[in-house]
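S.K.: Quick one, structure for this:
(chains A and B)
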Amino acid sequence: MDTLLSLLHGFSVALEPSKMVFCLIGVFLGTAVGVLPGIGPALTVALLLPVTFKLDPAGSLIMFAGIYYGGMYGGSTTAILLNAPGESASLATALEGSKMAKAGRGGPALATSAIGSFVAGLIATIGLAFLAPVLVELAVKFGPWDYFALMIVAFVTVSATFGDSPLRGLTSLFLGIALGLIGIDKLTGQARLTFGVPELLNGVEVTTLAVGLFAVGEAFYVASKRFRDPEEIIPIKGSLWMTKEDWKRSWAPWLRGTAFGFPIGALPAGGAEVPTFLSYSTERKLCKYPDEFGKGAIEGVAGPEAANNASAAGTLVPLLTLGLPTSATAAIMLAGFQQYGLNPGPLLFAEKPDLVWGLIASLFIANVMLVILNLPLIGLWVRLLAIPQPWLYAGILVFATMGTLAVNGSPAELAMLFAFGFLGYLMRRYDYPVAPMVVGLILGPMAEQQLRRALQISLGDPMILLENPISATLLGIAFIALVAPFVMKGLNQFKAAED
Amino acid sequence: MTNDTRTQGANKPALLVGVLLLIVAALIGYDASQQTITSTYGVGPTAMPYVVAAGLVILGLAHFLVAFREGLPQPDEADNKALLWIAGGLIFLIACIGLGGGFIIAITVVFACTARGMGRQGLLVDAVIGFVLGLVIFLVFAKVLTLILPSGPLERLFL
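M.R.: Next up is the predicted model:
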């Protein structure tokens, strides 16, 4: 009952006309930026963060919710019409989606992805609203050691699930953690790794790193190989609407996708690519028309799209209740919270219930707006896709610069942005995943703080991490997740040798 | 078939990454060793840097191993001229902001240079687009969001 009351209260906050306008602007901007090729939701949120800079916290977080969902929807539009997934979570969507578009069924593909996202987002947000208070109760009892162990789990799974080489994933993660060391140590006030440069005392901004790696890096990367793979927009032919048959084939995959997406997203072991591919292979097995897979089966769009959206709502569970970001997008959202001096976690639910429940309620509203806004506006988004690549990337760099200058207008910050951009280019070139670095930067200092707090309480005895059942279990999970890929690889090599 | 015929030795990019990781580890370790304040209980501000440095050493060595095995993925040849155009625009931007040239001129150059790097051949048209874009962004930030982006002589005309 409490949850329902809180949620109702949240709606009373989010349904104020001014907040609705923020939400609408957020959904619109999020879709418009997210639809641009090469820009995933993480980058959409990072690029648009400065726009919300001067609004009040409640309004800007609500706008954020809109940007988040809009960015996700925009990303799937690009995946379907360009066969250019902006992030790994829409890879599965692109598989069947682009085939459908080529077969002249781009309209229904976009429609099933929009309505599937809506259904999944709705169910997952209900899940979030009911799960969050339970987790908050639990999180209050968490000691620093438990938080530390939780972060270790997040570290390991984040670097293992991104990219196909654990070595490159871990390298990216450790460099991120190393960047997180830069600046003043919060517990002793000592400067670390600043080398006497005053601009480094405040540490590396998450948004600077994210925009540098994702946006500037992507621009360099695309420029460096621009002659090789010209992208082609597939025009939408025929009806935009789904037929009765389409509906019949879509509803079950939507629900199954949601069932995969939400729990996996809500676990600290987040990452949206696992549920999307699980959903894809499940639909492939269950489909009555298995021949159509690979040629544009609507189930292959409906399922993964729902899984993607549900897991995005799922990642908000650990983010809001524990302050634990489990994806690059969540990491940037956390940076957004911190921009207003808010620290997500159990305390936020107690101190700022208006804000938290207003945010959750506005997720519902954003979802509804997305469907109402996007189905009629598909034509407009398609035209955005047609912006010539040179102008598109020039514009992206302009936006990246603008964002950095709006938050911190120093040339040193710009230099960092471009240095990270070049690093991001090199990492893309040699197939290092960039997202773990962002997660490392934001989680590293948090993990360190929790560990030191834990060891202060135990008077320096590290066994405290293993003596508590929760932290011991979590560390065990992290260990298995770390070792498993190497063992599996070893087994595979063994098998290959036998063949 | 499974026998790899590549025998030209180590994979250079992987070796280079390994060396760079070791250098970063050394830097972090050195910085930590220079810290003066240590904690009374538990671990101080130097523990985490040492752990990270150790991790980077292991990863660096693992890269050496990889260098003598499969190596890093072989990238396509890069279009260096395109990269130079974009980098040039960005360096101009830093200088322009640093020396007080203002936001609009900086954005004009970045837009034009990036578009040129990506293969367009209309530097003048692109500069005009960039100028308009910069002007609009500056005005929106200044009037709607009350946030003044770096200003030079040009921007002061509008304030």
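S.K.: ok now the helix or strand hosting A:Val356, how far from the chain's centre?
M.R.: According to DSSP states H and E, A:Val356 maps onto helix A:353-385. Offset of helix A:353-385 from its chain centre (CA atoms, centre = their mean, to the nearest Å): 16 Å.
S.K.: Beyond it, next helix or strand please.
M.R.: Reading on from helix A:353-385 to the C-terminus, the next helix or strand found by DSSP H and E is helix A:389-407.
S.K.: name the helices or strands packed onto the following helix or strand past that following helix?
M.R.: Going down the chain from helix A:389-407, the next helix or strand is helix A:411-429, by DSSP H and E. In terms of contacts (3 or more CB pairs under 8 Å, 6 or more residues apart in numbering or on different chains; DSSP states H and E), helix A:411-429 is packed against helix A:206-211, helix A:217-224, helix A:389-407, helix B:80-98. For glycine as for every other residue, the C-beta is placed from the backbone atoms N, C-alpha and C.
S.K.: Can you give me every residue that contacts the residue nearest to A:Leu43 when sequence neighbours are not counted?
M.R.: Counting by CB to CB, 6 or more residues apart in numbering or on different chains, A:Leu43 lies nearest to A:Phe214, which is 4.2 Å off, once chain neighbours are set aside. A:Phe214 makes contacts with A:39-40, A:42-43, A:46, A:328, A:424, A:434, as judged by CB atoms under 8 Å, 6 or more residues apart in numbering or on different chains.
S.K.: What does A:Phe214 show for phi and psi?
M.R.: Note on A:Phe214: its backbone torsions stand at phi -80, psi -60 [degrees, to the nearest 10].
S.K.: Kindly report the same for A:Thr194.
M.R.: phi -100, psi -20.
S.K.: same check, this time on the one 5 residues further on
M.R.: With angles defined as degrees, to the nearest 10, A:Glu199 shows backbone torsions of phi -60, psi -20.
S.K.: residues making contact with stretch A:134-151?
M.R.: By CB under 8 Å, 6+ apart, the list of residues contacting stretch A:134-151 reads A:268, A:317-318, A:321-322, A:324, A:345-346, A:349, A:443, A:446-447, A:450-451, A:453-454, A:457-458, A:464-465, A:468, A:470-475, A:478.
S.K.: what about that stretch, start to end distance?
M.R.: Stretch A:134-151 stretches 20 Å from its first residue to its last (CA to CA, to the nearest Å).
S.K.: Report the rounded mean pLDDT for that stretch.
M.R.: Averaged over stretch A:134-151, pLDDT sits at 86.
S.K.: At the geometric centre of chain B, which residue do we find?
M.R.: Chain B has B:Ala87 as the residue nearest its centroid, 10.1 Å off, counting by CA atoms, centre = their mean.
S.K.: Quick one: residues contacting that residue.
M.R.: A:220, A:418, A:422.
S.K.: Burial check on the last one, number of neighbours?
M.R.: Applying the criterion other CB atoms under 10 Å in any protein chain shown, we find 17 residues in the vicinity of A:Phe422.
S.K.: Identify the residue nearest it in space, chain neighbours excluded?
M.R.: Per CB to CB, 6+ apart, closest to A:Phe422 is A:Phe220, 6.6 Å.
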